[in-house]
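Trainee: with the input below, show me the fold.
(one chain, ligands or ions: 1)
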Amino acid sequence: MRVFNFAAGPSTLPIPVLEQAQKELLDFNGTGMSITEMSHRSKPFMAVNDEANALLRELMNIPDDYSVLFVQGGASQQFAAVPLNLLKNGKADYILTGNFATKAYEEGLKYGDMAIAASSKEANYTYIPDMNEVKFRDGIDYVHFTYNNTIFGSRFTTLPKTDATLVTDMSSNILSEVVDVSKFGLIYAGAQKNIAPAGVTIVIVKKELLGNASPICPTMLNYAIHDKNDSLYNTPPCFPIYVSMLVFRWLKAMGGVPAIQKINEEKAKMLYDFIDNSSFYTNKINKKDRSIMNVPFVSPSEELDAKFIKEATAEGLVSLKGHRLAGGMRASIYNAMPVEGVKALINFMKKFEMENR
Ligand SMILES: *Cc1c(COP(=O)(O)O)cnc(C)c1O
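Mentor: Sure, this is the predicted structure:
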């Protein structure tokens, strides 16, 4: 039986996509083999690679002067790849709004003069610093921020105010809401949150930023190399790219990012409204900075949190345990989580509250 899976990543995928992948697993398009058993230079796979690329461009309205790359190593690999490719003056500023933002900064420190432009660490990352007030240094190569903070459940709603190149980690909110790609120099996202199985990472980079990689940049991290080879410099993660293509088709068929954004906002509003109207559950994030993808909450005690997670699991509402850094519960309600899943969660929360108040 399928459960409602609130995992933060790897996470739930759309059922029609899983069914299609299952159907094609023994025989992809009459080839007599699955997509994951054939050469990445074969015609069928190249067509998948091209279609995935084209659909992502269409869904995100990516301008022609940007490259779309499918690389490996996860978002964490990008923490190094970004400075290795983009530093020209040797310095960049970081906004620290959570664990992944901090990791990106710490990795960056190995390669350049990195500064913390703003941080919400003193408040355990419960808010996003006011972008009208954050100032950046002169002569920096980029400003890095994490668009949606997967662990703490916050998200940027205003972009940093700077003429410097904007670099953002969109691992947990890519394709969840409309973004203007042209405002960014580089966007990266591990696929396993809102797109596909783990193994492929999306990089969307303005072409004019390519070609300045540091001499010590490993070939495999060099964006220009992947761009020149249509992401087929070496063997790519074929199966995750194939599932990405299926997810992009699914998203396009339902009306694209504007349509899913509307559903995502409805799902998030339902859940936050319920939490805010309850005296039992609490979400600690500054209201205007709340994520629409990851919703952390706590009950009145750690004992009740543990009981909640156990009983929810028994009812088919799984992976609700919060990250060890945040505690409590976290419901990740990515694109593939249906409205019914959120309704089922709220019903369970009501029942649990009545029984444990
Ligand atoms: C999950 C996540 C990461 C880490 O991704 P990996 O693919 O495991 O390296 C980085 N940033 C954000 C925002 C994430 O949600």
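Trainee: only C-alpha atoms for contact and neighbour calcs from this point on.
Mentor: Noted.
Trainee: what does the stretch 1-150 of the chain put close to the ligand?
Mentor: Selection of the stretch 1-150 of the chain residues close to the ligand by CA under 6 Å from any ligand atom yields 74, 75, 76, 100, 146, 149, 150.
Trainee: start and end of stretch 28-46, how far apart?
Mentor: 13 Å (CA to CA, to the nearest Å).
Trainee: how about it: buried residues?
Mentor: Residues of stretch 28-46 classed as buried by neighbour count (16 or more other CA atoms under 10 Å): 28, 34, 35, 36, 40, 45, 46.
Trainee: leaving out the residues flanking it, which one is nearest to the first one?
Mentor: Leaving out its chain neighbours, the residue that sits closest to residue 28 by CA to CA, 6 or more residues apart in numbering is residue 34, at 5.1 Å.
Trainee: phi, psi of the one you found?
Mentor: Main-chain dihedrals, residue 34, degrees, to the nearest 10: phi -80, psi 160.
Trainee: thought residue 21 was touching it, still the case?
Mentor: No - using CA atoms under 8 Å, residue 34 is not in contact with residue 21; the gap is 9.2 Å.
Trainee: before we move on, the earlier item: and the buried residues of stretch 28-46, which is closest to the ligand?
Mentor: Proximity of the buried residues of stretch 28-46 to the ligand (CA to the nearest ligand atom) peaks at residue 36, which lies at 20.5 Å.
Trainee: how about stretch 293-306 and the ligand, touching?
Mentor: No - with CA under 6 Å from any ligand atom as the criterion, the ligand is not reached by stretch 293-306; the gap is at least 9.6 Å.
Trainee: CA atoms only: put that stretch into CSV for me.
Mentor: Output of stretch 293-306 as CSV, limited to C-alpha atoms (Å, rounded to 0.1, in the frame of the first residue of the first chain):
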residue,chain,number,x,y,z
MET,A,293,7.8,23.1,0.9
ASN,A,294,9.1,22.1,4.4
VAL,A,295,6.9,22.7,7.4
PRO,A,296,8.5,22.0,10.8
PHE,A,297,6.3,21.9,13.9
VAL,A,298,6.4,20.7,17.5
SER,A,299,3.9,19.5,20.0
PRO,A,300,4.0,20.6,23.7
SER,A,301,6.8,18.1,24.6
GLU,A,302,9.5,15.9,23.1
GLU,A,303,7.7,12.8,24.5
LEU,A,304,4.5,13.8,22.6
ASP,A,305,6.6,14.5,19.5
ALA,A,306,7.9,10.9,19.6
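Trainee: now that stretch: mean pLDDT?
Mentor: In this model, stretch 293-306 has a mean pLDDT of 98.
Trainee: got the buried residues for that stretch?
Mentor: 293, 294, 295, 296, 297, 298, 299, 304, 305.
Trainee: which other residues reach it?
Mentor: 8, 149-154, 172-173, 176, 264, 268, 272, 275, 280-284, 322, 327-334, 356 (CA atoms under 8 Å, 6 or more residues apart in numbering).
Trainee: before we move on, what about stretch 101-118?
Mentor: Taking CA under 8 Å, 6+ apart as the rule, stretch 101-118 contacts 76, 79-80, 83-84, 87, 90-96, 129, 134-136, 145-146.
Trainee: cool, stretch 223-230 as well?
Mentor: With CA under 8 Å, 6+ apart as the criterion, stretch 223-230 contacts 67, 68, 69, 71, 85, 210, 211, 219, 220, 232, 233.
Trainee: that's a strand at the second one, yeah?
Mentor: Yes - going by DSSP: H, G, I helix; E, B strand; the rest coil, the assignment for residue 68 places it inside a strand.
Trainee: Three-state assignment for the nearest residue to it once chain neighbours are set aside, please.
Mentor: In space, not counting the residues next to it along the chain, residue 68 is nearest to residue 204; the distance is 4.6 Å by CA to CA, 6+ apart. With three-state DSSP as the basis, residue 204 sits in strand.
Trainee: and the pLDDT for residue 1?
Mentor: 87.
Trainee: with residue 231 instead?
Mentor: pLDDT, residue 231: 95.
Trainee: residue 71 is in contact with that one, correct?
Mentor: Yes - here residue 231 reaches residue 71: they are 6.7 Å apart, a contact under CA under 8 Å.
Trainee: neighbour count for those two, which is higher?
Mentor: It is residue 71, of residue 231 and residue 71, that has more neighbours when counted by other CA atoms under 10 Å, with 28 against 21.
Trainee: before we move on, the earlier item: I'd like to know which of the contacts of stretch 101-118 are buried.
Mentor: 76, 79-80, 83-84, 87, 90-96, 129, 136, 145-146.
Trainee: among those residues, which ones are in helices?
Mentor: 76, 79, 80, 83, 84 (DSSP state H).
Trainee: among these, which pair sits farthest apart?
Mentor: The largest separation in those, counting by CA to CA, is between 76 and 84 at 13.4 Å.
Trainee: which of the contacts of stretch 223-230 ranks first by neighbour count?
Mentor: residue 71 leads the contacts of stretch 223-230 on contacts (other CA under 10 Å) with 28 neighbours.
Trainee: pretty sure residue 193 sits in a helix.
Mentor: No - under three-state DSSP, residue 193 sits outside any helix and is assigned coil.
Trainee: mind listing the helices for the stretch 251-357 of the chain?
Mentor: Here the stretch 251-357 of the chain has its helices, by DSSP state H, counting those that start in this stretch, at 256-277, 302-314, 339-356.
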